[in-house]
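Trainee: I'd like to go over a predicted model; first the sequence, then the structure.
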Amino acid sequence: MKEGILKLLKENNDDFLSGEKISEYFNVSRAAIWKHINTLKEEGYEIESVPRKGYRLISSPDILTYGEIEKYLNTEFIGRKIYYFDTIDSTNKKAKEIALEEVEGTIVISEEQTLGRGRLGRGWVSPKGKGIWMSIILKPQIDPMKVAKITQIGAAAVSLALEDLDIKSYIKWPNDIVINRKKVCGILTEMSCELNMINYVIMGIGINVNLDKQDFRGEIENVGTSLKVETGKKISRKKLLGLFLNRFEELYTSFINKDNFEDTLKICRDKSILIGKEVRIIKGRDEKSGKVVGINDEGELLVDYGENKVENIMSGEVSVRGLYGYV
Ligand code: BT5
């Protein structure tokens with residue numbers, strides 16, 4: 001009912017809507033309406049209430065509920081069902097728990113994560129209300145070997161969505177988006193499969209939208225940054241999320257239905273921060289340096305270790321670092 005009241009207020013937002021009218025519409029008491037209005041106010045909705053006139057919506061908060069994102073979405077199935085949390089341990093963990101019963105495109109999103117996860121057991125800092133911390137449930141009927149490509153599709157979509165907001169970013173193969181040589185976004189793709197059949201893929205994305213300088217402490221002080229830090233402006237999280245989901249669905253469906261990975265590849269190559277750079281490839285305790293010479297048609301990184309020994313690197317278990325720092 002709360003969502004219904006909100007919808008009514010949004011439809012009538014240049015006029016007052018009387019408590020009486022709303023209570024008649026939902027066939028409940030005016031006191032019940034008043035209670036819901038108060039809950040909405042606590043969530044950040046600015047609602048003017050004037051005796052004998054009623055209620056009027058003045059502004060909506062930048063929260064990532066379906067009701068707030070809907071107007072930015074033009075997708076068919078990505079983001080059409082959203083599990084929204086105020087706080088959670090990890091959206092990837094939750095998405096895995098519900099993936100088998102859920103339809104493809106369902107999203108788990110939270111204002112904060114208390115145990116956000118990165119790759120290889122690392123952590124992901126996810127402070128409340130400042131970022132986009134979410135996981136998309138996907139059910140691609142493709143060879144499990146090709147799942148790494150979905151991470152690249154995600155990275156390309158984030159970069160395009162940022163471009164839609166006039167923010168220039170780079171892709172650091174395989175799963176980071178970088179501005180000013182610092183990380184603004186990371187992707188963690190996990191999958192459940194049997195032999196050659198995929199049960200589900202969870203693509204977790206963390207975008208540092210409105211984090212402040214002081215949110216980057218300790219280990220991430222010199223590695224991470226946010227859109228707000230880089231642009232000096234607060235960015236609408238709901239708009240960015242909508243833009244990203246639209247971009248993602250386009251690239252993803254083209255890949256699944258038409259086997260088109262070229263569009264993603266082009267973006268990943270054009271926006272690559274690694275191509276032409278000397279890097280260190282770290283695999284467990286093993287570390288080698290070489291020069292990145294490209295990304296092949298499979299989305300693998302091509303690294304020249306000298307004497308024309310070029311190796312293709314799959315994203316699985318490696319970390320790529322610049323010779324002297326993160327990139
Ligand atoms: C990643 O791992 O970059 C994948 C991050 C995925 C996060 C999303 S949020 C929603 C979903 N639910 C989850 O639980 N996770 C996903 P990796 O490449 O391993 O990078 C992790 C490293 O990045 C850490 O070891 C830190 O050094 C650094 N880091 C942690 N939090 C950061 C942040 N907010 N911004 C920039 N760097 C960060």
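Mentor: Received it, and whenever you're ready, just let me know what you need.
Trainee: Select the longest helix from this protein.
Mentor: Counting by DSSP state H, the longest helix found in the chain is helix 237-258.
Trainee: Touching, Ile205 and Gly131? I think so.
Mentor: No: look at Ile205 against Gly131 with C-beta atoms under 8 Å: they stay out of range, at 9.8 Å. For glycine as for every other residue, the C-beta is placed from the backbone atoms N, C-alpha and C.
Trainee: Gly290 against Asp304, yeah?
Mentor: Yes: using C-beta under 8 Å, Gly290 is in contact with Asp304, at 5.4 Å.
Trainee: Look at those two and report which has more neighbours.
Mentor: Legend: neighbour count by other C-beta atoms under 10 Å for Gly290 and Asp304, higher for Gly290 (20 against 15).
Trainee: Distance of that one relative to Gly284?
Mentor: For Gly290, the distance to Gly284 equals 17 Å [C-beta to C-beta, to the nearest Å].
Trainee: Could you give the number of residues near the residue nearest to Glu76 when sequence neighbours are not counted?
Mentor: Among residues not flanking Glu76 along the chain, Glu249 sits closest, at 6.8 Å (C-beta to C-beta, 6 or more residues apart in numbering). Neighbourhood size, Glu249 [other C-beta under 10 Å]: 21.
Trainee: What ranges does the stretch 1-150 of the chain have for its helices?
Mentor: Taking DSSP state H, counting those that start in this stretch, the helices of the stretch 1-150 of the chain run over residues 2-11, 19-26, 30-42, 66-69, 91-98, 148-164.
Trainee: Where do the helices of the stretch 201-327 of the chain begin and end?
Mentor: 227-231, 237-258, 262-270.
Trainee: out of the ones you listed, nearest to Thr65?
Mentor: Of all the helices of the stretch 201-327 of the chain, helix 237-258 sits nearest to Thr65, with 8.6 Å by C-beta to C-beta.
Trainee: Up against the ligand, what does the stretch 101-250 of the chain have?
Mentor: Residues of the stretch 101-250 of the chain lying close to the ligand (C-beta under 6 Å from any ligand atom) are 113, 116-120, 122-126, 133-135, 175-176, 183, 186-188, 204-206, 208, 219-220, 223-224.
Trainee: how about 8 Å then?
Mentor: Proximity of the stretch 101-250 of the chain to the ligand (C-beta under 8 Å from any ligand atom) is limited to residues 110, 113, 115-120, 122-126, 131, 133-135, 175-176, 182-188, 204-206, 208, 211, 215-216, 219-220, 223-226.
Trainee: wait, what's in contact with the residue nearest to the spatial centre of the chain?
Mentor: The C-alpha lying nearest the average C-alpha coordinate of the chain belongs to Ile205 (C-alpha atoms, centre = their mean; 4.0 Å). Contacts for Ile205 (C-beta atoms under 8 Å, 6 or more residues apart in numbering) come out as Ile132, Trp133, Met134, Ser135, Ile136, Gly154, Val158, Cys185, Gly186, Ile187, Leu188, Phe244.
Trainee: try 10 Å this time
Mentor: Counting by C-beta atoms under 10 Å, 6 or more residues apart in numbering, Ile205 touches 91-92, 107, 109, 131-136, 151, 154-155, 157-158, 175, 177, 185-189, 241, 244, 248.
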